[in-house]
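Novice: task: produce atomic coordinates for the following.
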Amino acid sequence: MTTLSATQVRHIAKLARLEIGDEEVEKYAKELTAIFTYIEQLSEVDTSKVQATAQVTGTVNALREDIIHPSPIDREALLGTSPLPIVDDQIETPSAHG
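Specialist: Residues are numbered from 1 along each chain as shown. You can find the predicted model right below:
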């Protein structure tokens, strides 16, 4: 595989939402090229006789019944510890979406 160009490295950084300086472009070009070369080598391995594996522990349906237990903590006292406003017995938080 040929070494990635500066343009390709900047494009990958943009896709990953990373800001990289000009001095880092050459370093990352070498490192990413080595990674992609290794991936190419892996793709050449014959795995036709290897059984697909999705899970290795053998655990099946490790869910449990959801049981509600009453809390020893007073709801009002707990909500009263929040510095954020309480609306309809819930703590109102700022939007995570901005």
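
Novice: so how far is stretch 2-10 off the chain centroid?
Specialist: 25 Å (C-alpha atoms, centre = their mean, to the nearest Å).

Novice: over to stretch 13-24?
Specialist: Counting by C-alpha atoms, centre = their mean, stretch 13-24 comes out at 19 Å from the chain centroid.

Novice: what's the pLDDT at the spatially most central residue of the chain?
Specialist: With distances taken as C-alpha atoms, centre = their mean, Ala16 lies nearest the centre of the chain, 11.9 Å away. On the pLDDT scale, Ala16 is placed at 96.

Novice: next one: Gly98, what pLDDT does it get?
Specialist: pLDDT, Gly98: 67.

Novice: ignore what I typed, I meant Glu65.
Specialist: Note on Glu65: pLDDT of 92.

Novice: how about it, phi and psi?
Specialist: For Glu65, the backbone dihedrals (degrees, to the nearest 10) come out as phi -70, psi 140.

Novice: how about the contacts made by it?
Specialist: By C-beta atoms under 8 Å, 6 or more residues apart in numbering, Glu65 lies in contact with nothing. For the C-beta atoms, the positions are set from N, CA and C on the backbone; glycine is no exception.

Novice: and the top helix by length along the chain, what's buried?
Specialist: Ranked by residue count under DSSP state H, the longest helix found in the chain is helix 22-43. Within helix 22-43, the residues scored as buried using 16 or more other C-beta atoms under 10 Å are Val25, Tyr28, Ala29, Leu32, Thr33.
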